[in-house]
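1. Let's see this in three dimensions:
(one chain, ligands or ions: 1)
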Amino acid sequence: DQEKKKQAAEQSEDMTVCRLILTEMDKHDDGWPFLKPVNFKQFPAYKKYIRQPMDFTTMKNKLRDNQYKTRGDFAADVRLIFNNCQTFNEDDSEVGRAGHNMRKFFEVRWKQLLLTS
Ligand SMILES: Cn1cc(C(=O)NCCN2CCCC2)ccc1=O
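-> Next up is the predicted model:
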């Protein structure tokens with residue numbers, strides 16, 4: 001019915017915003033540690049300490065496969081990436097700093113798009 005159609009339209013608008021912000025993070029200079037899943041061969045301890053790995057490519061595939069039902073689900077995975085990063089990396093390290101920078105970029109952009117979309 002009419003109400004359902006409206007909700008579906010908002011839903012797809014929300015996912016457009018998610019795709020947009022993910023593209024921007026993919027291109028960001030500080031995004032390099034997060035583009036692909038952490039390589040367990042390169043970092044054997046990662047698998048032991050990080051229960052739920054996440055990265056931008058995995059998120060792109062989840063978006064494509066319609067696995068995010070709300071913006072909140074999408075934001076939760078982004079925050080998982082940066083929480084994992086803080087768990088595994090010193091703040092004063094290349095990857096640690098990139099994680100803080102990317103989290104800041106995301107949260108500012110996320111609020112901005114929430115208000116304007
Ligand atoms: C999220 N995260 C990433 C790394 C990392 O070094 N990723 C980049 C690995 N190389 C970049 C080009 C080729 C592979 C280490 C710890 C960590 O928590």
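2. can you give me phi and psi for Glu90?
-> Backbone geometry at Glu90, expressed as degrees, to the nearest 10, gives phi -60, psi 150.
3. Quick check: it touching His100?
-> No - if you go by Cβ atoms under 8 Å, Glu90 and His100 don't touch, sitting 11.1 Å apart. C-beta: built from backbone N, CA, C; applies to glycine.
4. which of those two has more neighbours?
-> Taking neighbours as other Cβ atoms under 10 Å, Glu90 and His100 compare with His100 leading, 15 against 10.
5. Isn't the more buried one up against Asp91?
-> Yes - the pair His100 / Asp91 is scored as a contact, 6.9 Å apart, by Cβ under 8 Å.
6. Might you enumerate the residues of the protein proximal to the ligand?
-> 32-34, 38, 43, 85, 88-89, 95 (Cβ under 6 Å from any ligand atom).
7. Return the subset of those lying in helices.
-> 85, 88, 95 (DSSP state H).
8. what's near enough to touch the residue positioned nearest the centre of the chain?
-> The centroid of the chain falls nearest to Val78 when counting by Cα atoms, centre = their mean (2.7 Å). Each residue near Val78 by Cβ atoms under 8 Å, 6 or more residues apart in numbering is listed here: 25, 59, 106, 110.
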